[in-house]
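Asks: What shape does this take:
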Amino acid sequence: MSSESLLKLRRGLIETGIVIFVITLVNFWLFPGSLAKFAGLFDQKLAFFGVMEPTMALLKFSIFIGIGVTVPWLFFRIAQAIYAVFPLKKREILFFTCAALMLFYVGALFCLSITLPFAMKFLLGFASDTLQPVISVERFVNFVVLFTVGFGLVFEVPLIITGLCYMGICSPELFCRSRSYAILIIAILSAILTPTPDAFNMMLMAVPIYILYELGILIGRLFYKKRISQETP
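Replies: Now for the predicted structure:
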């Protein structure tokens, strides 16, 4: 990667950080009720156990909003850096960038609409007349943010495998032979990303990641064959 490309990437990261900062301030000062409305989507009543806890929770939630809005620009800058290193065409870079955005938002939406409601219903199902849940607003934000961003990132697995196969860096057979290692890495990654250490939450992330891993092998095989056919005279 040339020094000019590194400067562009650094400039893009700085620009992304500035935009996240601005959006965070706007949401924090102008829309302080956004967190309460978001919690209402999950039918949750939140509590706080410290003077600064609601403020810090709203700040984290505002940063989460800022990241969600600036993801397209960040991916565009990363695509520019990849274009400077690998001999890919602009339309291929555009395809991978759009696919990365789609997968990230699909993963986040999948988490918010399916995984999180199911997880909360299951975990709160242990409540009884003598055991009532009191959910901290800060823990709620940490739970939602880590899960959502984590799902958005892990949904990129098929694209990463496809890209590596298409660029000839790896072959589909390598990923097939590495299934046992992939399962171990997926288990460790799920344990790190999930905000609670129980096996149920780990499975909520581990199972979709492994399905995406297998899907990436299937798609990568098609792109790998296409590349081989293009290189064969």
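Asks: So L215 is in contact with L159, correct?
Replies: No - applying CB atoms under 8 Å, one finds L215 not in contact with L159, separated by 10.2 Å. Backbone N, C-alpha and C define where each C-beta goes, glycine included.
Asks: Give me the more crowded residue out of these two.
Replies: A direct count of neighbours by other CB atoms under 10 Å for L215 and L159 places L159 higher, at 21 against 14.
Asks: how far away is the more buried one from Y166?
Replies: 10 Å (CB to CB, to the nearest Å).
Asks: just L7 next, same as before
Replies: Per CB to CB, L7 is found 27 Å from Y166.
Asks: who's in contact with A127?
Replies: Under the criterion of CB atoms under 8 Å, 6 or more residues apart in numbering, the contact list for A127 reads P133.
Asks: related to what we said a few turns ago, just want to know which of L7 and Y166 has more residues nearby.
Replies: For the pair L7 and Y166, the greater number of neighbours falls to Y166 (20 against 10), based on other CB under 10 Å.
Asks: any idea what sits nearest the more buried one, other than its immediate chain neighbours?
Replies: In this structure, Y166 finds its nearest non-sequential neighbour in F223, 4.1 Å apart by CB to CB, 6 or more residues apart in numbering.
Asks: Could you give the separation of the helix or strand harbouring that neighbour from the chain centroid?
Replies: Taking DSSP states H and E as the definition, one finds F223 inside helix 199-231. Offset of helix 199-231 from its chain centre (CA atoms, centre = their mean, to the nearest Å): 16 Å.
Asks: which parts of it are buried?
Replies: Neighbour-count burial for helix 199-231, with 16 or more other CB atoms under 10 Å as criterion, is recorded at 201-202, 204-206, 208-210, 212-214, 216-217, 219-221, 223-224.
Asks: Same check on stretch 54-74?
Replies: 54, 57-68, 70-71, 74.
Asks: go on, stretch 128-144?
Replies: Within stretch 128-144, judged by 16+ other CB under 10 Å, the buried ones are I135, S136, V137, E138, R139, F140, V141, F143, V144.
Asks: start to end distance for stretch 33-49?
Replies: For stretch 33-49, the first and last residues are 19 Å from each other (CA to CA, to the nearest Å).
Asks: can you pull the contacts of the nearest residue to N27 once chain neighbours are set aside?
Replies: Distances taken as CB to CB, 6+ apart put S62 closest to N27, at 4.1 Å, once the chain neighbours are dropped. Contacts for S62 were tallied using CB under 8 Å, 6+ apart; they are I23, T24, L25, N27, F28, S34.
Asks: which element is the fourth one on?
Replies: Read it as N27. Mapping N27 onto the secondary structure by DSSP H and E places it in helix 3-30.
Asks: Next, the buried residues of stretch 73-83.
Replies: Buried residues in stretch 73-83, counting neighbours by 16+ other CB under 10 Å, are found at L74, F75, F76, R77, I78, A79, A81, I82, Y83.
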